[in-house]
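A.B. asks: coordinates only, sequence not included:
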């Protein structure tokens, strides 16, 4: 059975303090790893798709990386508006499996 | 604006009521989904439609009844719900079904449902 574990569950950072969120996964036949951002009371907003180990993608202060067992979402010099829950999902042979997310709070 | 529009955004209903959630996607996608999101739990897939045909039902109770009249519209009809059904219901769409090429799923803003 495909599994996704995200850590930490919650993370508080000072504005400008860089850090990383982790997504560990086990999947039969990885067909894609997805990162989403979700603001309170809203639907998940698509950020990145990664397909193979070694792949990296960037968007503003965010960079996603992928290995054969985990993905990291690096956030560089975060701002308060980066506060949100970040969800990771993996697509195996047939279905998409989500993690429970990391709730990120950036303190001004 | 995500290209997937859900209405209503908030709904409060009694356990004996009948209500419906509506979803419309403007992305030209072929697949549409209903997900349930509860606190501290991963997103739960409920139903999948491809070209308006249901391809997946994840053992969802019959008090939830989906309808997909065409590739752009999806409904979730609700009847005699329980308080534990209170959650955020998310509609989503993707270009194709899982396993059929690059298939990023795009979500709507969700409908907050409270059952009293």
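C.D. replies: The structure has been received and is ready for your questions. Here the structure is a predicted model, which is why all the values come from computation and not from measurement.
A.B. asks: quick check: residues of chain B near chain A?
C.D. replies: B:2, B:4, B:6, B:40-43, B:45, B:88, B:90, B:92, B:98-99, B:102-110, B:112 (C-beta under 8 Å from any C-beta of the partner chain). No exception for glycine: its C-beta is placed from N, CA and C like everyone else's.
A.B. asks: let me see the contact set for the residue nearest the centre of chain B.
C.D. replies: Taking C-alpha atoms, centre = their mean, the centroid of chain B lies closest to residue B:34, which sits 2.5 Å from it. Going by C-beta atoms under 8 Å, 6 or more residues apart in numbering or on different chains, residue B:34 touches B:23, B:45-47, B:66, B:74, B:76, B:89-92.
A.B. asks: about what we covered before: give the buried subset of the residues of chain B next to chain A as a PyMOL selection command.
C.D. replies: Applying 16 or more other C-beta atoms under 10 Å in any protein chain shown to the residues of chain B next to chain A leaves a buried subset, and the PyMOL line that selects it is:
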select buried, chain B and resi 2+4+6+42+43+45+88+90+92+98+103+104+105+106+107+108+109+110+112
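A.B. asks: biggest separation within the contacts of residue B:34, which pair?
C.D. replies: B:23 and B:45 (14.6 Å; C-beta to C-beta).
A.B. asks: just give me the neighbour total for the residue in chain A positioned nearest to chain B.
C.D. replies: Going by C-beta to the nearest C-beta, chain B is nearest to residue A:43 of chain A, at 3.8 Å. Residues near residue A:43, counting by other C-beta atoms under 10 Å in any protein chain shown, number 23.
A.B. asks: using the three-state scheme, assign it.
C.D. replies: Put simply, residue A:43 is coil when judged by DSSP: H, G, I helix; E, B strand; the rest coil.
A.B. asks: not counting its neighbours along the chain, what's nearest it?
C.D. replies: residue B:107 (3.8 Å; C-beta to C-beta, 6 or more residues apart in numbering or on different chains).
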